[in-house]
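Trainee: Mind folding the following:
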Amino acid sequence: MSQDHIVSSFDEELRDLDNIVAEMGGLAEMQLAEAIDAMLKRDAEKAEQVIENDARLDELESQIDVAATKLLALRQPMADDLRVVICGLKTAAVLERIGDYAKNIAKRTIALSQTTPLGPARTVARMGQLVQSMIKNVLDAYVNRDADKAEDVRLSDEEVDALHTSLFREVLTYMMEDPRFITSGTHLLFVAKNIERIGDHTTSIAKNIYVLVHGKPPSGERPKGDTSSYTIVESPTSEEGAA
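Mentor: Next comes the predicted model:
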């Protein structure tokens, strides 16, 4: 077997790994989109489909694990090639987690479909669309080895964090003003948190792409705008009592 054939075969195996990662990413993006659409339409049947489709993401992750392990064992890649394999493995693990969060959103949607509708659901959907865009851009960056685009994705998560904090306040206000919204508000807050976490995981992929291209992590911490953990909302009754 000639050296050229070995190199060509190795390159093909690396491309195959990239293709499976890209397929997995596309499915994760679609899962989130379908989960958000089901939530907006209060469509429990569609949410059930999202839950069922999560198994395909698990299958693809297993394929990537097998392919990467084979590459590491038989090819013993070094330098740039090793980073490609490691990035593929890490990206697959993150995409699997994104799929889990989309499945969790679908589960909450089934509960939400049986509760009092809540206005902030549309704000949650807007958060979801922002994160969908992040996933699409980070997948483009992965396929094209575009570190600049990956860095843009990493920094864009600040907008998602800020929206999450604003939404947290809004939903809490609804819940305090009308007890009928407590159940739906609680589920909606969990949905929003799942979307916020998907955004965080997407920035992890972006960071891995930067390392893949440059061989070192980006300098500086990404800005974080989520302050919901420290948010305090005063109830209208307590303000009236103070007055």
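Trainee: give me phi/psi at the residue nearest to the spatial centre of the chain?
Mentor: In the chain, the residue lying closest to the centroid (CA atoms, centre = their mean) is Ile198, at 2.7 Å. When read as degrees, to the nearest 10, the backbone of Ile198 gives phi -60, psi -40.
Trainee: Is it in contact with Tyr101, as I believe?
Mentor: Yes - under the criterion of CB atoms under 8 Å, Ile198 makes contact with Tyr101 at 5.0 Å. For every residue, glycine as well, the C-beta is placed using N, CA and C.
Trainee: Quick check: neighbours shared by these two?
Mentor: Contact criterion CB atoms under 8 Å, 6 or more residues apart in numbering; residues shared by Ile198 and Tyr101: Leu32.
Trainee: What are the contacting residues of stretch 98-113?
Mentor: For stretch 98-113, contacts defined as CB under 8 Å, 6+ apart pick out 27-28, 31-32, 34-36, 38-39, 42-44, 47-48, 50-51, 54, 57-58, 121, 135, 183-184, 187-188, 190-191, 194-195, 197-198, 201-202.
Trainee: Type out the PyMOL command that picks the buried ones from these.
Mentor: Only the buried members of the contacts of stretch 98-113 end up in this PyMOL selection, burial being decided by 16 or more other CB atoms under 10 Å:
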select buried, resi 27+28+31+32+34+35+36+38+39+42+43+47+50+51+54+57+121+135+183+184+187+188+190+191+194+195+197+198+201+202
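Trainee: Out of the contacts of stretch 98-113, list just those in helices.
Mentor: Mapping the contacts of stretch 98-113 onto helices (DSSP state H) picks out 27-28, 31-32, 34-36, 38-39, 44, 47-48, 50-51, 54, 57-58, 121, 135, 183-184, 187-188, 190-191, 194-195, 197-198, 201-202.
Trainee: pLDDT at Glu221, what is it?
Mentor: pLDDT for Glu221: 67.
Trainee: circling back to that earlier point, quick one: contacts for the residue nearest to the centre of the chain?
Mentor: Here Ile198 is in contact with Leu32, Ile98, Tyr101, Ala102, Val131, Ile135 (CB under 8 Å, 6+ apart).
Trainee: how about the nearest residue to Asp81, chain neighbours excluded?
Mentor: Distances taken as CB to CB, 6 or more residues apart in numbering place Leu14 nearest to Asp81, at 6.7 Å, with adjacent residues excluded.
Trainee: Could you measure from the one you found over to Ala67?
Mentor: Per CB to CB, to the nearest Å, Leu14 is found 9 Å from Ala67.
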